[in-house]
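A.B. asks: What follows is a predicted structure for the sequence shown.
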Amino acid sequence: MSHEQRHPIVLIHGWGADSQIWQTIPDRLSAFIEVYSLDLPGFGESPIVDNYSEASLLEWMAEVLPNHCYLLGLSLGGMLCRAFAAQYPTRVAGLITISSNLNFVATEQHPEAMAAADFAEFMQHWEQDRSLCLRRFMSLQTQGDSQQRRLIKQLRTMDSKIDDNAGGALLALLGGLDNRPHRAKIECPSLDIFGARDALVPVAVTSEFNSETAIIFGAGHLPHLSAADTVLQKITLFLDHQLYRLDKQKVAASFGRAAARYDEVAQLQRRIGQQLLETIPAGLPAGNMTDLGCGTGYHTVELQRRFPASLITGVDLSPGMLAHAQAQYPDFTWLCTDAENMDLASDSQDLIFSNFALQWCDNLPTLAAELYRVLAADGRVYLAVPGPATLSELRQAWSEVNGAVHVNRFASLPQWQLALSEAGFSDVNLDSRRVIEQHQSVRELLLELKNVGAHNNNAGKANHLTGKQQLKGLYNAYDSFRLPNGMIPATWEIISGFVVKQ
């Protein structure tokens, strides 16, 4: 998989273990992004340093880290990453922390942390019996976790190398670190992940964070081990958001320009929408229904025909699309609003229908929460969106030409399932299938994408025209996919189904 000009990510562990604590996370992330695991000084194979002050360690990080990277820190590692991002803002593309408090030890201003007396006792244990102290810390890290027994066995298989002096020095540093002054100085996007049952970093601390946060239910201090799939999805979704973030003004303008000819060329979208409509039970009671991302209003009208007694509202982000819809169907109600922040009352919609629209939302958890908010009890959302395998041939062909982002990235089925479940939907019925469209040429494919407004609308894409040489390279690279009948394929992964608010 091409990393498409993505900066590498560096993983920094916490106290009590070296980089072995990450287990499978580096390997699993490496399919997605270039990964480095960094051992703190005196841990693993990393040499000790003379000074273990915060300032000294930040200088050490400045020397060993890449010039520009993402940082992923666990506990103490997260606190150091947070301090580094504040002091070296131009070097950090994004910051992710796991189980990382602003203060590890409680203060009067910051009570949601380990009691000072407990930490002092822990320091004494380190001086008296370091092996016993590490075993106690192992127990604290797994305490409360639904996978505690498995985690303890897993931790016991690790043979972390910890220099005695370095271990004591970093433990003392952990007790004195204060990340609160750094919060206002951090300029990069941030994600803070917490275990709901963490015995060392109480989940109540999330109230002090202004960044994006994620709570892993059932997990303790090591959610990346006990709920690895969920944590990995949180991390990859965050990273995807940074590289493939959407410019919604561009999205709205692009679809507005395509409005007049959209219905003529959007044959796949129309077909998928019709299939989705047919999955809605005909006997649903009358109510308020929304066609979210209604575009030209084609499916809004179809929805009204199926449920003539219901009040149907067509909602779209693009004023141009809505103007076209209103000109064609003046008797309908049309609303221009963002799906992630809808101008609709809470619990007001009995059914939300959305076909090939929600992929243009920037933040999947925010979208899922907004869908849940506006939906009435026992209401349903029927949706169809493209998945990550969509236009895989085009993506791969472009990767052979240059590393720029040319194809929009779409969330996966597990990411949709997770976001909707965490938003509160109790019945998530989604599946994924692949549809292969055939085109006479790559130029025809590109023109079709442009005509339906679905070309690349990433905020960070290069602001220049694609040159003739690049297009020639694209055509040549895509030719390897040509079918025996002479046509070129374009894969669409379709994620579709319904969810219920009970």
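C.D. replies: Nice, thanks for sending it over.
A.B. asks: okay, now Leu80: neighbour count?
C.D. replies: Number of residues near Leu80 (other Cβ atoms under 10 Å) recorded here: 27. Every residue, glycine included, has its C-beta placed from N, CA and C.
A.B. asks: check contacts around it.
C.D. replies: Ile12, Leu40, Glu54, Leu57, Leu58, Met61, Gly73, Leu177 (Cβ atoms under 8 Å, 6 or more residues apart in numbering).
A.B. asks: Report whether the expected contact of the fifth one with Gln87 is present.
C.D. replies: Yes. Here Leu58 reaches Gln87: they are 5.7 Å apart, a contact under Cβ atoms under 8 Å.
A.B. asks: higher neighbour count, those two?
C.D. replies: The residue with more neighbours, out of Leu58 and Gln87, is Gln87; 18 against 15, by other Cβ under 10 Å.
A.B. asks: Excluding chain neighbours, what is closest to Glu106?
C.D. replies: Actually, residue 106 is Ala. It isn't Glu. By the measure of Cβ to Cβ, 6 or more residues apart in numbering, the closest residue to Ala106 outside its immediate chain neighbours is Ala113, 4.1 Å from it.
A.B. asks: Run a quick neighbour tally on Pro365.
C.D. replies: 18.
A.B. asks: so is it in a helix, a strand, or just coil?
C.D. replies: Pro365 falls in the helix class when you classify it by DSSP: H, G, I helix; E, B strand; the rest coil.
A.B. asks: list the helices and strands the longest helix along the chain packs on?
C.D. replies: Using DSSP state H to define each element, the chain has its longest helix at helix 248-265. For helix 248-265, the elements it packs on are helix 319-328, helix 442-451, judged by 3 or more Cβ pairs under 8 Å, 6 or more residues apart in numbering; DSSP states H and E.
A.B. asks: Next, the buried residues of it.
C.D. replies: 248, 250-259, 262-263, 265 (16 or more other Cβ atoms under 10 Å).
A.B. asks: Can you add pLDDT and distance to Arg183 and give those back as JSON lines?
C.D. replies: Converted to JSON lines, the buried residues of helix 248-265 look like this (pLDDT from 0 to 100; distance: Cβ to Cβ, whole Å):
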{"residue": "Lys248", "pLDDT": "74", "distance to Arg183": "27"}
{"residue": "Lys250", "pLDDT": "78", "distance to Arg183": "31"}
{"residue": "Val251", "pLDDT": "75", "distance to Arg183": "32"}
{"residue": "Ala252", "pLDDT": "75", "distance to Arg183": "33"}
{"residue": "Ala253", "pLDDT": "80", "distance to Arg183": "35"}
{"residue": "Ser254", "pLDDT": "76", "distance to Arg183": "36"}
{"residue": "Phe255", "pLDDT": "78", "distance to Arg183": "38"}
{"residue": "Gly256", "pLDDT": "77", "distance to Arg183": "39"}
{"residue": "Arg257", "pLDDT": "82", "distance to Arg183": "41"}
{"residue": "Ala258", "pLDDT": "76", "distance to Arg183": "42"}
{"residue": "Ala259", "pLDDT": "76", "distance to Arg183": "44"}
{"residue": "Tyr262", "pLDDT": "76", "distance to Arg183": "45"}
{"residue": "Asp263", "pLDDT": "75", "distance to Arg183": "49"}
{"residue": "Val265", "pLDDT": "74", "distance to Arg183": "48"}
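A.B. asks: now those residues as CSV including distance to Ala368?
C.D. replies: Conversion of the buried residues of helix 248-265 to CSV gives the following (distance: Cβ to Cβ, whole Å):
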residue, distance to Ala368
Lys248, 17
Lys250, 23
Val251, 19
Ala252, 21
Ala253, 26
Ser254, 24
Phe255, 22
Gly256, 26
Arg257, 29
Ala258, 27
Ala259, 28
Tyr262, 27
Asp263, 29
Val265, 30
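A.B. asks: among the helices and strands of the protein, which has the poorest mean pLDDT?
C.D. replies: helix 248-265 (a mean of 76; mean pLDDT, DSSP states H and E).
A.B. asks: What helices and strands are in contact with the next helix-or-strand element following that helix?
C.D. replies: Note on helix 248-265: by DSSP states H and E, the next helix or strand toward the C-terminus is helix 267-278. Packing partners of helix 267-278 (3+ Cβ pairs under 8 Å, 6+ apart): helix 298-306, strand 349-355, strand 375-386, strand 427-439, strand 488-500.
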